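> Just a sequence and a predicted model for now, questions to come.
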Amino acid sequence: MMSESALTLRKPWEVQAASLEWAIDQIIPSGMLTLLSGKDKLGKTLLAWEFCRSVLHGTPFVGHFPAMQGTVVFLALDDPATVTIHRLDCLGLSEAANLEIATPGECDVANSLFWNDLGRAIDEIRPRLLIVDALYLMLPGGAESMNQAGGMAPVMNEFNKICESSGTAVLLITHDTKSGESVAGSFVIRAAAKQILRLAAVQNDEKTKRVLHVEGKLVERTEWMFHFKGPGEWTLGDIQAEELARTLAAVRGWLDQGQEGTSVDIAEALNKRRINVDIALKQLLEEGYAIAKRVQGAKGRPRIVYEKNYGPAPETLGMGQQMAG
C-alpha cells in the first residue's frame with residue numbers, strides 16, 4: 001500500500017489559506033502567537049488590559065486601531081486577585097459578561113491536566129483573544145527554564161496548537177533581557193511568535209511616555225508612541241495621531257475621486273506608509289465609507305481592491321475577510 005506523499009508543490013495562485021484577520025489591527029493577529037515584552041514596571045499588564053477592553057467592546061485601541069469584538073480569556077497570574085479586581089473597576093469591566101478570568105489560585109500549571117483543561121476551555125468559549133500574564137509562570141521548572149530550549153519548546157508548542165486549532169489570538173506577556181534589546185529567554189520563545197511587541201520607556205520621560213516596538217512576519221517594523229497615565233489612560237502620541245488623521249483624509253479624498261486599488265496601490269499613489277493606509281482603510285470599511293472587493297489576478301490569484309461605497313454592496317468583504325493587497 002503506497003503511503004501519502006510527504007511533499008506537495010503548487011503554483012503560486014494555487015496556494016490556499018484562511019484570510020488574515022486581526023484581533024487588533026496591525027498589532028495582534030488572530031490565530032497566531034504574539035509576545036508582549038518589556039522591563040518591569042513599564043505597564044505591560046495595563047497595556048494588555050487595554051487590548052482586552054478594545055476587543056471586549058469592539059472599539060478601536062487608543063481610538064485608532066480597529067479591534068474585532070469577541071470574548072477574552074485572561075489568565076491574570078502575575079498579580080493578586082485584589083489587584084485584578086481593582087483594575088477591572090478602573091477599566092469599567094467588572095460586569096463584562098464576555099470576559100473570562102483565572103487568578104493565581106485558579107490556575108495550576110504544574111497539574112498534568114492543565115493543558116487539556118485550557119484547550120477544552122478555549123474550544124468551548126472560542127475567544128477572540130487569550131492573554132497570559134506572564135509566560136514565566138507557565139513553566140513548572142521556574143523562570144530558569146525560560147533559557148532552556150528543551151523546557152520552552154513544549155510550552156510554546158501548546159500555545160501554537162491553541163492558535164491553530166481555534167483561530168484565537170494568543171498574547172503572552174514576558175520580559176526583556178537586562179540590556180532591554182530583546183525578549184529574554186531561549187530563542188525558541190522568539191521563534192514561536194509571529195508578532196513581537198516590545199514596550200519601552202522614553203528617555204528622560206519615563207513617567208508619562210512609552211514606545212511600542214512592533215516587529216514580525218506580517219507588518220513592516222514600526223514604532224508607536226503612547227502617553228500613559230495609569231489604568232485605562234493610554235493615548236497615541238500627538239505626532240502619530242496627526243499622521244494617521246492626515247492619511248485617513250488623504251485616502252478618503254483619493255476614493256472620492258472614483259479611483260480604486262489595493263492598499264499597496266493607494267500607499268504608493270499617496271506616498272504614505274502602507275501600515276497607516278491599512279489602518280485608514282479598516283476605519284473607512286467600518287464606517288461603510290469604503291468597500292473591499294476580491295478581484296481575480298492575471299493567473300487567478302485574488303487581489304483585494306478598495307473603492308468608495310456609493311450604496312449597498314452585498315458581495316463586498318467584511319473586516320474579517322480582508323487580505324493583504
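Great, that's in hand.
> Poorly predicted segments of the stretch 101-250 of the chain, please.
140-144, 204-206 (pLDDT under 70).
> Show me the helices in it, by range?
Here the stretch 101-250 of the chain has its helices, by DSSP state H, counting those that start in this stretch, at 114-125, 149-166, 187-192, 238-256.
> Relative to residue 308, which of those helices is closest?
Closest to residue 308 of these is helix 238-256 (Cβ to Cβ; 4.1 Å). Just so you know, the C-beta spots here come from the backbone N, C-alpha and C atoms, and that holds for glycine as well.
> That closest one - contacts with which helices or strands?
Applying 3 or more Cβ pairs under 8 Å, 6 or more residues apart in numbering; DSSP states H and E, one finds that helix 238-256 contacts strand 222-228, helix 263-270, helix 274-287, strand 302-308.
> Any chance of CSV for the ones you listed, columns distance to residue 194?
Listed next are the helices and strands packed on helix 238-256 as CSV, based on distance: least, Cβ to Cβ, whole Å:
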stretch, distance to residue 194
strand 222-228, 16
helix 263-270, 20
helix 274-287, 16
strand 302-308, 20
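> Turn the helices of the stretch 101-250 of the chain into JSON lines, columns for distance to residue 283.
Formatted as JSON lines, the helices of the stretch 101-250 of the chain follow (distance: least, Cβ to Cβ, whole Å):
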{"stretch": "helix 114-125", "distance to residue 283": "29"}
{"stretch": "helix 149-166", "distance to residue 283": "26"}
{"stretch": "helix 187-192", "distance to residue 283": "31"}
{"stretch": "helix 238-256", "distance to residue 283": "6"}
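> JSON lines please, covering the ones you listed and showing distance to residue 287 and mean neighbour count.
Below are the helices of the stretch 101-250 of the chain laid out as JSON lines (distance: least, Cβ to Cβ, whole Å; neighbours: other Cβ atoms under 10 Å):
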{"stretch": "helix 114-125", "distance to residue 287": "30", "mean neighbour count": "15"}
{"stretch": "helix 149-166", "distance to residue 287": "30", "mean neighbour count": "16"}
{"stretch": "helix 187-192", "distance to residue 287": "36", "mean neighbour count": "17"}
{"stretch": "helix 238-256", "distance to residue 287": "10", "mean neighbour count": "16"}
